[in-house]
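> can't give you the sequence, but here's the structure:
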């Protein structure tokens, strides 16, 4: 009986261990700040159209997400975005947001390989759960015109 419990525990750990999709999720909170604040923020996705989940943040046209600084947007970890800031009497700026494999995501991926979770490895890689958006946070000092 004891060996059965040990094997069950090892099997459960192998199935769930370090799976980034479970521990980190597929979205990341992108923080946008400016000085002065209350700048208009416009986020567009570069690599493909925004998902319904991303658009639920705040969209007025179905193609962009908008807000005012300071702002936080829930975006897909594997996406690439352009973030535009504008404010009356200040120069507009644009920042490209990309992604990279994060330390925690890499650890989760290694855990999948070591424990033998090839399915988890594939899911994590396809979903982008191993990645982080960069730069994050975006902090811009707006320049007067």
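Arrived safely. Bear in mind the structure is a predicted one, so any value in this text is a computation, not a measurement.
> Need the contact partners of stretch 39-47.
Stretch 39-47 has contacts (C-beta atoms under 8 Å, 6 or more residues apart in numbering) with 30, 32, 50, 54, 63-69, 71, 73, 75, 79-87, 90, 96, 140, 142. From N, CA and C alone the C-beta is placed, and that goes for glycine too.
> So which of these belong to strands?
Among the contacts of stretch 39-47, DSSP state E puts 30, 32, 64-68, 71, 73, 75, 81-86, 96, 140 in strands.
> Below-threshold pLDDT in this structure: ranges please.
Across the chain, the ranges flagged by pLDDT under 70 are 1, 4-24, 57-60, 102-129.
> okay, now residue 28: neighbour count?
Applying other C-beta atoms under 10 Å, we find 24 residues neighbouring residue 28.
> Helix or strand for it, just tell me which one.
Element membership for residue 28 (DSSP states H and E) is strand 27-35.
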